[in-house]
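Colleague: I'd like to go over a predicted model; first the sequence, then the structure.
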There are 2 protein chains.
Amino acid sequence: MNIHDAMTLLKEKGYKTTGKRKEILDYFSHADGYRTAKDLIQFMEKSYEGISFDTIYRNLHLFCDMGILEATELKGEKHFRIACSHHHHHHFICSDCGKTKEINLCPMDELEGALPNYIIEDHKFEIYGVCPNCRNT
Amino acid sequence: MNIHDAMTLLKEKGYKTTGKRKEILDYFSHADGYRTAKDLIQFMEKSYEGISFDTIYRNLHLFCDMGILEATELKGEKHFRIACSHHHHHHFICSDCGKTKEINLCPMDELEGALPNYIIEDHKFEIYGVCPNCRNT
DNA sequence: TTTGTAAATAGGAATGATTCCGATTATGAA
DNA sequence: TTCATAATCGGAATCATTCCTATTTACAAA
């Protein structure tokens, strides 16, 4: 989802399109990987001195609830990235830079009927390591 | 790994075999699933009134480092269980009771050569939901 | 353009898990 | 039994995150 579509979606749902929200979406649309609340606030402070954590977290949660961002827990800290809405897939995540690479294999496809009587609500498949770029630095 | 082997391993590595450590291992060997530090301290307080979080966390980390326990992050809180050392596998984890069921399918087996030039350090595959027992309660 | 109101925000306090630290106690080798 | 070191306690500190209240802002309607 691009920034414009996201802002339109916000407006449709009755949320306001503030400059901070645009900037947050701009940040994540260029990030190409997972970022923390702290990463984000450090970026935002350049344009909005005095921005509060409340604003950061409130909007991160709003965007997650709307499906604009997606989150995962890494090293005891929540990390966020632009949601990949086009199709279901998983990620390799670089421990150095947070960048991700799509993995187009979902292990759930092969578990048809393997868990009878279980209610399956969610699953996580993530690969951790160092990407080629960070490897050569 | 059973309690006795774990205590022997502790001794071999120069750690002391205290009553609290035996009790912690006893707790996890009967838990059959993931438990938090708080779950553990609540259990320990029955036998050791006044036991501190320092002792809980210090030993949880020690046991993880030694491969006696393994940890995962669920709902923003670390969860621990007895390590499954016999063979590599993954888990279904019940959101209600924390109990796990082995999943003998590892998606990494099918990713041979799919990530050239990437250094793969770790991976996580977990399925979340409700187990048959909790479902009927 | 002005106004009214609900949403958004700042600033800071509160929370909850986890870690750290100095003083005390207990384990196990000699 | 003694002694050095590991283990523990109790509580303070830390860190991410959430909550609260007063103030500001976006934007719909006049």
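Modeller: Cool, the structure landed.
Colleague: centroid-nearest residue for chain A?
Modeller: In chain A, the residue lying closest to the centroid (Cα atoms, centre = their mean) is A:Arg81, at 2.0 Å.
Colleague: so what's it closest to, chain neighbours aside?
Modeller: Ranked by Cβ to Cβ, 6 or more residues apart in numbering or on different chains and with sequence neighbours excluded, the top spatial neighbour of A:Arg81 is A:Tyr34, at 4.8 Å. Quick note: C-beta positions are derived from backbone N, CA and C, even for glycine.
Colleague: got it, and A:Pro107?
Modeller: Nearest one to A:Pro107, counting by Cβ to Cβ, 6+ apart, is B:Pro107 at 3.9 Å.
Colleague: if we can go back for a sec, touching, the residue nearest to the centre of chain A and A:Thr36? I think so.
Modeller: No. A:Arg81 is beyond contact range of A:Thr36, at 10.7 Å (criterion: Cβ atoms under 8 Å).
Colleague: show me what counts as buried in stretch A:67-74.
Modeller: A:Ile68, A:Leu69, A:Glu70, A:Thr72, A:Glu73, A:Leu74 (16 or more other Cβ atoms under 10 Å in any protein chain shown).
Colleague: separation between the fourth one and A:Ser47?
Modeller: Plainly put, A:Thr72 is 26 Å away from A:Ser47 if you go by Cβ to Cβ, to the nearest Å.
Colleague: now do the first one
Modeller: In this view, A:Ile68 and A:Ser47 are 20 Å apart by Cβ to Cβ.
Colleague: could you do the last one as well?
Modeller: Here the criterion is Cβ to Cβ. By it, A:Leu74 lies 26 Å from A:Ser47.
Colleague: dump the residue contacts of A:Cys131.
Modeller: A:Cys131 makes contact with A:Phe92, A:Cys94, A:Asp96, A:Cys97, A:Lys99, A:Lys101, B:Tyr118 under the criterion Cβ atoms under 8 Å, 6 or more residues apart in numbering or on different chains.
Colleague: how close does it sit to A:Cys84?
Modeller: Counting by Cβ to Cβ - A:Cys131 and A:Cys84 are separated by 17 Å.
Colleague: and chain A, what are its domain boundaries?
Modeller: Chain A breaks down into these domains under automatic domain parsing: A:3-82, A:90-135.
Colleague: is there proximity between the longest one and DNA strand D?
Modeller: Yes. Using Cβ under 7 Å from any atom of the strand, domain A:3-82 comes into contact with DNA strand D via A:11, A:16-19, A:36-38, A:53-54, A:57, A:61, A:76-78.
Colleague: what of the last one?
Modeller: No. Contact between domain A:90-135 and DNA strand D is absent, the nearest approach being 13.9 Å (criterion: Cβ under 7 Å from any atom of the strand).
Colleague: show me where chain A has helices.
Modeller: In chain A, the helices defined using DSSP state H lie at A:3-12, A:19-31, A:37-47, A:53-65, A:132-135.
Colleague: which strands and helices sit next to the second one?
Modeller: For helix A:19-31, the helices and strands in contact under the criterion 3 or more Cβ pairs under 8 Å, 6 or more residues apart in numbering or on different chains; DSSP states H and E are helix A:3-12, helix A:37-47, helix A:53-65, strand A:77-82.
Colleague: need these in CSV (columns: mean pLDDT and distance to A:His123).
Modeller: Putting the helices and strands packed on helix A:19-31 into CSV (pLDDT from 0 to 100; distance: least, Cβ to Cβ, whole Å) gives the following:
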stretch, mean pLDDT, distance to A:His123
helix A:3-12, 93, 26
helix A:37-47, 98, 25
helix A:53-65, 98, 18
strand A:77-82, 96, 18
